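Peer 1: Here's a sequence, model it:
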Amino acid sequence: MNRLRSYVVLLAGIVWFACGPAPNTTKPSESRVVDPKEEFLKIGHQFYIDQNYDSADVYLMRASSMDPSYIAPLNELAQMHYMLGVQQPGEKNPQRLLHFRKAFAYFAAAESQGSKDAEIYESLGELSNALDDDKALVKYAKKNADLFPYERQYFNLGFAYFQIGDYPNVIKTQKEAVEKFKGSTYIGSFYRQLGRAYMKMDRHQVAERTFDAGLNAADTVIEEQKKSDGNFKSTKDYHRLVDDKIGMLISLKSLHQIYRATEKLQKVEQRLTELGYSK
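Peer 2: Below you'll find the model as predicted:
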């Protein structure tokens with residue numbers, strides 16, 4: 001009897017299941033959970049595009065405050081304030097410097113959260129220089145050169161060391177650069193910084209030899225580049241090489257004046273004239 005009752009109960013359950021509503025065989029659409037910080041970023045980005053910078057600042061800061069490790073709003077805030085600073089005329093304009101300080105803080109925060117591309121280090125270096133923060137300039141120039149050991153980074157590192165008066169490290173880095181990038185369009189920049197560092201250390205004879213070598217190296221690179229590129233003289237690389245040549249010649253002129261080397265002085269002045277420099 002008990003077995004019969006169990007069977008009836010089981011059968012009733014089967015009938016109920018068969019007669020009930022058909023099961024939903026399709027998977028229900030999953031509703032996307034909206035992340036508030038992403039929404040704030042999206043709104044802030046749109047305000048940025050629309051040039052509504054005050055509102056963009058508010059929403060991007062909200063997105064960042066919700067998650068300090070969220071790099072996207074930090075990058076947008078940094079780029080926005082950098083751009084706003086550049087638009088302000090005058091190197092020491094208080095509004096320009098205010099935007100630059102904000103841009104620097106946001107770029108630095110993004111870097112500390114893992115943003116390690118060369119562009120961010122270039123921006124941090126440029127802002128450090130604009131804000132007269134020599135310590136930060138060296139810090140980020142060194143990081144940039146360590147991660148991206150290329151010609152521009154070597155030049156920037158030498159420049160940073162020169163700014164703080166660390167002339168032995170200027171010499172060290174620029175001598176390395178001269179050996180590593182012999183055919184580079186930065187070759188004049190390396191020699192120019194190297195020679196200036198020797199001058200600062202009162203090693204005038206070494207400085208003179210360095211400038212002479214730098215002028216020859218710059219001329220060689222110019223000739224090689226002109227052979228491979230008929231429009232090389234219209235490029236920024238060519239103009240940088242010429243500027244570096246002029247800079248080295250001016251330094252040589254001051255050395256020849258100190259030591260009253262009349263013949264050498266006349267040759268330097270002639271070369272400066274040929275390059276279109278007159279003062």
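Peer 1: so how far is Lys172 from Asp50?
Peer 2: 49 Å (C-beta to C-beta, to the nearest Å). For glycine as for every other residue, the C-beta is placed from the backbone atoms N, C-alpha and C.
Peer 1: between the two, which one's more packed in?
Peer 2: More crowded of Asp50 and Lys172, by other C-beta atoms under 10 Å: Lys172, with 16 against 10.
Peer 1: Point me to the helix or strand that includes that one.
Peer 2: Per DSSP states H and E: Lys172 is located in helix 167-180.
Peer 1: Does anything pack onto that helix? Which helices or strands?
Peer 2: Packed against helix 167-180 by the contact rule (3 or more C-beta pairs under 8 Å, 6 or more residues apart in numbering; DSSP states H and E) you find helix 151-163, helix 187-200.
Peer 1: Of those, give the one that comes closest to Ala118.
Peer 2: Shortest separation from Ala118 across those is recorded for helix 151-163, at 7.4 Å, computed as C-beta to C-beta.
Peer 1: for the closest one, packing partners?
Peer 2: Going by 3+ C-beta pairs under 8 Å, 6+ apart, helix 151-163 lies up against helix 118-130, helix 134-147, helix 167-180, helix 187-200.
Peer 1: Now with 6 Å, please.
Peer 2: Under the contact criterion of 3 or more C-beta pairs under 6 Å, 6 or more residues apart in numbering; DSSP states H and E, helix 151-163 touches helix 134-147, helix 167-180.
Peer 1: now those helices in JSON lines, with mean pLDDT?
Peer 2: JSON lines is the format used below for the helices and strands packed on helix 151-163 (pLDDT from 0 to 100):
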{"stretch": "helix 134-147", "mean pLDDT": "97"}
{"stretch": "helix 167-180", "mean pLDDT": "98"}
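Peer 1: Take these and write them to a markdown table, including distance to Leu249.
Peer 2: Shown next, in a markdown table, are the helices and strands packed on helix 151-163 (distance: least, C-beta to C-beta, whole Å):
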| stretch | distance to Leu249 |
| --- | --- |
| helix 134-147 | 27 |
| helix 167-180 | 18 |
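Peer 1: in the protein, which spans are strands?
Peer 2: Assigned strands in the chain: none (criterion: DSSP state E).
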